[in-house]
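# Sequence unavailable; structure follows:
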C-alpha cells in the first residue's frame, strides 16, 4: 500500500498530542483515515456479528458486515457456526439477499452456482458440460479466518495471524463473564435488531459507550426531570471507570455498600436476581460487584457496545426494570454510522418481564427512544465540525484532558477494586477514551 504523506502527518499529530489530551478533529471525517480504518482495523480486529439465539437451528443464518464487507453467519447441518463472505466464487455476485432465514443451500442469481450451508460448492447448471473438470473442493465459499464466541456472542476476525478472541478481550473477559455470565442459562435476543443511520463517525458512539459519563449531567438532564433516574445524576457519577486494555473500557454506576438504597443487580426483578445469586460460575468478587451495580456500560474495541441498567417504559405509570441492550456501530463512510441495536433477555425469564423490558428499551435506547434522541444530535455535531475548514485552521483539536493529571479532576486511581484493569473513581475522567484512541493509533500505524 502506497504511503500517503498527509495521512502519515495526521497520524503523527495524533501520536504527538494524544498523551496531552488533544485529538485532531480530522480523525472523525477524513476520507483517507476512514479507508485506512477499513484495512488496518476492520481487516484485523475481532468484530461482533450475532448472538447465538439468532441462529439456534441448523440452516439458520443472518447477514451481517465487517467493515463494509457483507458476511453470512450460518449454522450448518452439523450445528457448527460459520462466517462466509457473501459472494459467489464464480464472479463475486452476492449469494444472500435476505437479512435472516433458514437455508440448506445458497444459490447465486447470476449463473446458479450452488453452495451448501457449510460452504462447499455442490453444483451449477449444466455442470457436466461446463465445468466437469473443475475441482469443487477448491471453489467453496470464502470463510472468516477465525470465529469464536463468548457467552453466546459470536465474533469473527479476518486476520489469521491475529491473537485469539480471549487474548483480544484481555481483562474485558472478566467483566463479560460478570455481565453476560450472570444468568446460568444465558441470554436470548428478544425481537429483531433495530437499524438506523446516524450522520456521525463510528468512533464517536463507540467511545461514548466506553466511558463518557460526563455528558449525563447536562445532555440527559431532561430525562432526570421526567423521572427516569432512580438516583440523582451527580450521585450517579460516584462510580468507576475501568480500562480493560486493548482499547476496551466500561463504566459502573455502583452502590457504595451492598446495603445502600437504590437499584442493585442492574435493577433486575427479584426472580432474576435469585438466578444470579444461585449462579455458581460467578466468583465472590463478581457476586459482590453484581449486587452493588446499578448500571454497567462498555465498549469492546472497535465497535461493539453493551448497556445494562434499570429504566421504565413510562416513569409516570411504571416502575423501572433492568434490561440489556447490545449494539454495533457499523461504519458507513467517514461521516455516517449504521447503528444496530438488540434487546437481550435472560433465558427462563417470564413473559411479563420480557414485554416490560422490551417496552423500556424502546422508550429509552432505540431509534425513537428519549436517551437515543439526546445522544444523536451531539454526535452529528462532533462530525460536522470535524469537516469545518475554519475549525481545522483555528481550533483543530478536541479536548480529552479530563483526569489527565490529579489537578484536572476529582478522579483518582483505585487500588482496592475487585476486578482486573486500571480503575478510576469518580467518573470525572477520560483516561479510557484516550486509551481507546491509543489502541486505534497502534493499529493504524502498525
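Received it, and whenever you're ready, just let me know what you need. Keep in mind it's a predicted model, so treat the numbers as computed, not measured.
# Contacts for stretch 427-438 next, please.
14, 18-19, 21, 23, 27, 203, 206-207, 210-214, 237-243, 247, 249, 251, 299, 301, 400-404, 409-411, 422, 424 (CB atoms under 8 Å, 6 or more residues apart in numbering). The C-beta positions use only the backbone N, C-alpha and C, and glycine is treated the same way.
# Just the buried ones among the residues you listed, please.
14, 18, 21, 23, 27, 203, 206-207, 210-214, 237-243, 247, 249, 251, 299, 301, 400-404, 409, 411, 422, 424 (16 or more other CB atoms under 10 Å).
# what about the stretch 51-200 of the chain, any weak spots by pLDDT?
Nowhere does the stretch 51-200 of the chain drop to pLDDT under 70.
# where do the helices sit along it?
Counting by DSSP state H, counting those that start in this stretch, the stretch 51-200 of the chain has helices at residues 127-130, 165-169, 172-179.
# hmm, who's touching the first one?
Meaning helix 127-130. residue 124.
# swap in the longest one?
With contact meaning CB under 8 Å, 6+ apart, helix 172-179 is reached by 150-151, 153, 166, 169, 242, 244-246, 248, 250, 281-282, 286, 289-290, 296, 298, 300, 306, 308, 324, 419-421.
# Now with 6 Å, please.
150, 244, 248, 250, 286, 296, 300, 308, 419, 420 (CB atoms under 6 Å, 6 or more residues apart in numbering).
# Most neighbours among these, which one?
The most crowded member of these is residue 300, carrying 31 neighbours; neighbours defined as other CB atoms under 10 Å.
# dump the residue contacts of it.
Neighbours of residue 300 in contact, by CB under 6 Å, 6+ apart: 172, 248.
# Across the sheet, point out what pairs with it.
residue 304 (DSSP bridges).
# distance of it from residue 231?
According to CB to CB, to the nearest Å, residue 300 and residue 231 sit 27 Å apart.
# Can you say which of the helices of the stretch 51-200 of the chain is packed in most?
By mean neighbour count, with neighbours taken as mean count of other CB atoms under 10 Å, helix 172-179 ranks first of those at a mean of 22.
# Show me how the record splits this structure into domains.
Domain assignment for the chain by automatic domain parsing gives 46-157, 171-445.
# Quote the end-to-end distance of stretch 55-63.
11 Å (CA to CA, to the nearest Å).
# how far does stretch 29-49 stretch from start to finish?
Termini of stretch 29-49 sit 25 Å apart (CA to CA).
# which residues sit against stretch 259-272?
Taking CB under 6 Å, 6+ apart as the rule, stretch 259-272 contacts 230-231, 273, 276, 290-291, 293-294, 308, 310, 320, 322, 346.
# Can you tell me which of the residues you listed is nearest residue 121?
residue 346 (40.8 Å; CB to CB).
# Verify the contact between that closest one and residue 183 for me.
Yes. Assessed by CB atoms under 6 Å, residue 346 is found in contact with residue 183 at 4.2 Å.
# shared neighbours, the two?
Between them, residue 346 and residue 183 share no contacting residue, judged by CB under 6 Å, 6+ apart.
# how near is the spatially most central residue of the chain to residue 105?
By CA atoms, centre = their mean, the chain has its centre lying nearest to residue 304, at 1.2 Å. For residue 304, the distance to residue 105 (CB to CB) stands at 30 Å.
# Over to residue 4?
43 Å.
# Same check on residue 433?
Taking CB to CB, one finds residue 433 at 46 Å from residue 105.
# Could you do residue 266 as well?
Residue 266 is 42 Å from residue 105, by CB to CB.
# More neighbours: those two, which one.
Taking other CB under 10 Å, residue 266 and residue 105 do not tie; residue 266 has more neighbours (25 against 13).
# Just confirm that one is within a helix.
Yes. Secondary structure of residue 266 (DSSP: H, G, I helix; E, B strand; the rest coil): part of a helix.
# so which strand or helix has the residue lying closest to residue 414 once chain neighbours are set aside?
Nearest in space to residue 414, with sequence neighbours left out and distances taken as CB to CB, 6 or more residues apart in numbering, is residue 423 at 4.2 Å. In this structure, residue 423 sits in strand 422-425 according to DSSP states H and E.
# buried set for the next helix or strand after that strand?
Following strand 422-425 in sequence order, the next helix or strand is helix 431-445 (DSSP H and E). Of the residues in helix 431-445, 431-441, 443-444 count as buried by neighbour count, 16+ other CB under 10 Å.
# ok so, going back, so which of the contacts of stretch 427-438 belong to strands?
Using DSSP state E, the subset of those located in strands is 23, 240, 241, 242, 243, 249, 251, 299, 422, 424.
# ok, so of these, who is nearest residue 187?
Closest approach between these and residue 187, by CB to CB: residue 299, at 18.5 Å.
# Quick check: closest non-adjacent residue to that closest one.
Leaving aside its sequence neighbours, residue 299 sits nearest to residue 210 (CB to CB, 6+ apart; 4.0 Å).
# Wait, that neighbour touches residue 248, no?
No. With contact defined as CB under 6 Å, residue 210 and residue 248 do not form a contacting pair (7.8 Å).
# Quickly list what's touching both of these two.
By CB under 6 Å, 6+ apart, no residue touches both residue 210 and residue 248.
# ok, now which ones touch the residue nearest to residue 299?
Counted by CB under 6 Å, 6+ apart, residue 210 has contacts 249, 299, 432, 436.
# I'd like to know how far residue 65 sits from residue 85.
From residue 65 to residue 85 the distance is 11 Å (CB to CB).
# scratch that, residue 104
From residue 104 to residue 85 the distance is 19 Å (CB to CB).
# With neighbour numbers in mind, choose between these two.
Applying other CB under 10 Å to residue 104 and residue 85 shows that residue 85 carries more neighbours, namely 20 against 11.
# which element is the residue lying closest to residue 26 once chain neighbours are set aside on?
Spatial nearest neighbour of residue 26, excluding adjacent residues (CB to CB, 6+ apart): residue 10 at 5.7 Å. Following DSSP H and E, one finds residue 10 within helix 5-17.
# just checking, what packs against that helix?
Where contact means 3 or more CB pairs under 6 Å, 6 or more residues apart in numbering; DSSP states H and E, helix 5-17 is packed against helix 431-445.
# quick one: the helix it packs on to helix 5-17, angle?
Angle, helix 431-445 to helix 5-17, by axes from the mean of the first three to the mean of the last three CA atoms, to 10 degrees: 150 degrees.
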